[in-house]
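Trainee: I would like to see how this sequence folds:
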Amino acid sequence: MIQHNGKDLEQLSLEETIEFEKAMLKKVLAASKSQMSGPIIDQLNLFIMLIKDHKQQVLSVRDYKDKNKKEDGVVLDTEPPIETDDQKTD
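Mentor: Just a heads-up that it's a prediction; the model follows:
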């Protein structure tokens, strides 16, 4: 499990995720400058990809919540719509 400041990646907020991504990018840069082995850098890049994916998920959830502020969850309408006199187009 990937953790940052004692929290699992899935529990991080958007700001924490961005902070974590920056820290990992700095680590990759330092590893490249010190000419660490390829597998270590590849593993760091994999972690960065996972962090970026989590960041996209957080943004998607936030955008969805912004669009649907009035609803708490999924609402299924099982009844057909009722036509009123104002809606009839005869």
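Trainee: And the average pLDDT for stretch 41-50 is what?
Mentor: Stretch 41-50 comes out with an average pLDDT of 92.
Trainee: which parts of it are buried?
Mentor: Neighbour-count burial for stretch 41-50, with 16 or more other Cβ atoms under 10 Å as criterion, is recorded at 44, 47-48. C-beta here means a position set from N, CA and C on the backbone, and glycine is covered the same way.
Trainee: Among the residues you listed, which ones are in strands?
Mentor: When strands are assigned by DSSP state E, not one member of those lies inside them.
Trainee: Out of these, which comes closest to Asp8?
Mentor: Nearest to Asp8, judged by Cβ to Cβ, of the buried residues of stretch 41-50 is Phe47 at 13.1 Å.
Trainee: ok now do that closest one, which residues does it touch?
Mentor: For Phe47, the contacting residues are 2, 24, taking Cβ atoms under 8 Å, 6 or more residues apart in numbering as the criterion.
Trainee: likewise the one 3 residues further on?
Mentor: For Leu50, the contacting residues are 2, 9, taking Cβ under 8 Å, 6+ apart as the criterion.
Trainee: quick check: longest helix of this protein.
Mentor: Counting residues, the longest helix in the chain under DSSP state H turns out to be helix 38-67.
Trainee: For the chain, give me the ranges with low pLDDT.
Mentor: Where the chain drops to pLDDT under 70, the residues are 68-77, 81, 85-90.
Trainee: That'll do, ta.
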